[in-house]
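**Student:** Got a predicted structure plus its sequence, pasted below:
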Amino acid sequence: MRRSGAARAFKGSAPVFAALGDATRLAVVARLCESGPLSITRLAEGSAVSRQAVAKHLQVLAGAGLVRGFRDGRESVWQLEPKGLREARRFLDSISQEWDATLERLRVFVES
């Protein structure tokens, strides 16, 4: 059986979607998108989540290739890693193209 482009792309994107499936991790990614690189302390500010919990969520995001951390003096600072998001976007674009083609074939069939 032939594997679609979307199925091949999904294999590489699955960890990204799994990581983004958690509301806290999604909020961390959104915060980094809005504010740029932030320390764990800054990421935890105004949230009901502790610094330790944020650190664990950042490790999951890093494992999925969505963020990377670096040291700035005594603090760990985290920033987005755009490559992971680009790969997920390519996966979603692939699915969208396949659905567009399928719906076009259905339209042609119905109209004929």
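**Tutor:** Perfect, thanks for sending it.
**Student:** Alpha carbons of the host helix or strand of residue 77, as PDB, please.
**Tutor:** Residue 77 is located in strand 75-80, with elements delineated by DSSP states H and E. C-alpha atoms of strand 75-80 as PDB (Å, rounded to 0.1, in the frame of the first residue of the first chain):
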ATOM      1  CA  GLU A  75      19.700  32.000  34.400                       C
ATOM      2  CA  SER A  76      18.500  29.500  31.900                       C
ATOM      3  CA  VAL A  77      16.900  31.300  29.000                       C
ATOM      4  CA  TRP A  78      14.600  29.600  26.500                       C
ATOM      5  CA  GLN A  79      13.700  30.500  23.000                       C
ATOM      6  CA  LEU A  80      11.700  29.100  20.100                       C
END
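**Student:** Now do that strand, average pLDDT.
**Tutor:** Average pLDDT, strand 75-80: 94.
**Student:** The closest residue to residue 37 other than its chain neighbours and residue 92: what is the separation?
**Tutor:** Distance criterion Cβ to Cβ, 6 or more residues apart in numbering; nearest residue to residue 37, sequence neighbours excluded, is residue 79 at 3.9 Å. C-beta here means a position set from N, CA and C on the backbone, and glycine is covered the same way. With distances taken as Cβ to Cβ, to the nearest Å, residue 79 is found 23 Å from residue 92.
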